[in-house]
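Enquirer: sequence? don't have it. structure:
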Ligand code: XMP
């Protein structure tokens, strides 16, 4: 799909590479990331971006690319950080290790008029992360911007070949998006990124690949698996959507998931195995052990229900693909870790029987696709919920009593968030058990009960998170209801920890 007129981003290993793709798509063009080894297979791009990377061009094993082939495309090229240094060498210049390492904010001073900086202020903040800098600038090239120390940080080698030492893709580069857009405006006939086109192409490709074969997918009620199931259904595939209810779901969640799918006209099968999971978890209090038990059992139960289905669909997203590919340093294992990495999937994958239709999309694009498929917004805007469910909100042992308390408190808290209009303003919120008993008074009696911790965070990608300053009134009403209605709790706490160092979940 999309081998023509897209923006090819070549990955030299920078931690920000994925963001470049993201930003280009935000600007309305289709972009794809390629490992350097895949350079020969990038099709016919309309523009090429060389990413940054951790190596120095002077290192023996520094990544390289076929410059003659790059030039043969005759399309605009932008080198970012390492990409700029490599291009400068290829064009006949040189790079040197700088005595001044530069990490973090720097000033970008535009020096010469260039299409790259049209409409960009003469001085603005950019984000740097490098130690090498360009030294000899080849004949015919010009310096188009410098930093506050006078060091060249942007070059133009030809009409449409540019280099920038800074990272335009991070938000700390205040005019980064504008600079990227200026670069892309040099390209001809770039493919627009439109979710409706994606939807149509995906449906066609599913029809072609699946035909009349039976295809199985797991659903959890979460956004990715829901979009996947609806997409397969829309394509008219012979699909079995299986919902494994491991008994670690939130209050009434199983019914809610079934009602949601019924609302969308997609039949699902429930495998009810709560007892099996609780038995397996009985007495286990180590968090990693609990995760392992849940993960393994989940795989067993799921595969038992799959039977001899001919194909399997997974809701793998683009970041998972990129991450697994770069971790494995090969394209061989483009699968998600945790429960997707099982021998049977690898086997099916080798036979071409695993379908991952969402594998080119980022999370918010999946939501957009969901909207295009007519999935109601309340389903698409559900907070993320971890695979191991409430087990990661219940430190220590997991049992029915603890789950009941968490469920009841969580339902009250989430209800209050919705009532006060805060649900859609936070990334994720929940109640987690603090299994520590303290003394309190209830009526005229002494109580000795557990505490519940409420957590609400904002985040962009779950890698970092900040706690939310919820209104006191919302917290007051939530606390009042929990203390009055939930047996076993005599204290309500609000978690004011950022990630890092805390995590989002509570296990
Ligand atoms: P932490 O607790 O690591 O969570 O800060 C980051 C995000 O990931 C979710 N999470 C999981 N999701 N399987 C999942 O599908 C898991 O095992 C898992 N553990 C954590 C968590 O809810 C948060 O959004």
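Expert: Sure, I can see it. Here the structure is a predicted model, which is why all the values come from computation and not from measurement.
Enquirer: for the rest of this, base every contact and every neighbour count on C-alpha atoms.
Expert: Will do.
Enquirer: return the residues in contact with residue 56.
Expert: Taking Cα atoms under 8 Å, 6 or more residues apart in numbering as the contact definition, residue 56 lies against 62, 82, 132.
Enquirer: what's the pLDDT at it?
Expert: pLDDT recorded at residue 56 is 91.
Enquirer: would you confirm that it belongs to a helix?
Expert: No. Going by DSSP: H, G, I helix; E, B strand; the rest coil, the assignment for residue 56 is coil, not a helix.
Enquirer: and it, its phi and psi?
Expert: With angles defined as degrees, to the nearest 10, residue 56 sits at phi -100, psi 140.
Enquirer: over to residue 19?
Expert: Here residue 19 shows phi and psi, under degrees, to the nearest 10, equal to phi -70, psi -30.
Enquirer: just to revisit the earlier point, format the contacts of residue 56 as CSV; extra columns: pLDDT.
Expert: Listed next are the contacts of residue 56 as CSV, based on pLDDT from 0 to 100:
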residue, pLDDT
62, 93
82, 96
132, 90
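Enquirer: so of these, which ones are in strands?
Expert: Among the contacts of residue 56, the members falling in strands (DSSP state E) are residue 132.
Enquirer: may I ask which of the contacts of residue 56 has the most neighbours?
Expert: Within the contacts of residue 56, most neighbours by other Cα atoms under 10 Å means residue 82, with 30 neighbours.
Enquirer: chain neighbours aside, what residue packs nearest to that one?
Expert: residue 52 (4.4 Å; Cα to Cα, 6 or more residues apart in numbering).
Enquirer: what's the distance between the one you found and residue 85?
Expert: According to Cα to Cα, to the nearest Å, residue 52 stands 9 Å off from residue 85.
Enquirer: quick one on the thing from earlier: was I right to think the residue nearest to residue 82 contacts residue 81?
Expert: Yes. Using Cα atoms under 8 Å, residue 52 is in contact with residue 81, at 4.7 Å.
Enquirer: low-confidence ranges in the stretch 1-150 of the chain?
Expert: Along the stretch 1-150 of the chain, the parts satisfying pLDDT under 70 run over 1-4, 99.
Enquirer: strands along that one, start to end?
Expert: With strands called from DSSP state E, counting those that start in this stretch, the stretch 1-150 of the chain shows them at 7-11, 31-35, 47-50, 77-80, 95-110, 123-134, 142-146.
Enquirer: go through those strands and pick out the most buried.
Expert: Most buried of the strands of the stretch 1-150 of the chain by mean neighbour count (mean count of other Cα atoms under 10 Å) is strand 77-80; its value is a mean of 28.
Enquirer: sheet partners, orientation included, of that strand?
Expert: strand 47-50 (parallel), strand 161-164 (parallel) (DSSP bridges).
Enquirer: interface residues of this protein facing the ligand?
Expert: For the chain, the residues in contact with the ligand (Cα under 6 Å from any ligand atom) are 384, 385, 386, 387, 388, 462, 503, 504, 505.
Enquirer: what's the neighbour count on the second one?
Expert: Same thing as residue 385. 18.
Enquirer: quick revisit: any quick PyMOL command for the buried ones out of the residues of the chain next to the ligand?
Expert: Selecting only the buried entries of those in PyMOL, with 16 or more other Cα atoms under 10 Å as the criterion:
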select buried, resi 385+387+388+504+505
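Enquirer: this completes my enquiry, with thanks.
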